[in-house]
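Enquirer: Sequence plus predicted model, see below.
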Amino acid sequence: MPQLFALAGEVSAAAFAADATMERAAWALQAAYESAFGGDLVEEERLNDMAELATVQAQVVLVSLATRATSDIFDALAGSGVSMAKNLDRHWRNARTVASHNPWVFKARIVGDFVVNGTQPNRIWSIGAAPIAAK
């Protein structure tokens, strides 16, 4: 039983860190949004870059936290954790699906390039959009 308490504590701490990470990213996004009404295009660009960096940093961290927490829970629950009646495996699948659709390796490269070289982040907010070909 103490091991289960330890696991519950670790998962709770991971959730706390995830919440704090998301709050910090949300503040950066809010600042970027508000800058659109300030009339200073240079500051608006800077805050948009900072919001982009905050969100990609959050994604890198949250992928690790979510996938580890869900995996650790399954380790602790053993066979009962994968019971089809409980359908708990959907949480692990959801974490992995989000991680696959938002590859953390790509996001980490963006942050690293900024930290090491000062390269401004790419703003890729949609996938699959392409210009319409001329006829």
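Expert: Sure thing, it's come through. Numbers count the residues shown, from 1 in each chain.

Enquirer: where's the residue nearest to D113 when sequence neighbours are not counted relative to R24, distance?
Expert: Spatial nearest neighbour of D113, excluding adjacent residues (C-beta to C-beta, 6 or more residues apart in numbering): T119 at 4.2 Å. Any C-beta I mention is one placed from the backbone N, CA and C, and that applies to glycine too. Look at T119 and R24: by C-beta to C-beta, to the nearest Å, they are 21 Å apart.

Enquirer: show me the contacts for the residue most central in space within the chain.
Expert: Note on the chain: the residue nearest the mean C-alpha position is Q59, at 2.1 Å, using C-alpha atoms, centre = their mean. Residues in contact with Q59 (C-beta atoms under 8 Å, 6 or more residues apart in numbering) are N102, W104, K107.

Enquirer: Now tabulate those in CSV and tack on pLDDT and neighbour count.
Expert: Shown next, in CSV, are these (pLDDT from 0 to 100; neighbours: other C-beta atoms under 10 Å):
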residue, pLDDT, neighbour count
N102, 74, 16
W104, 82, 17
K107, 86, 20
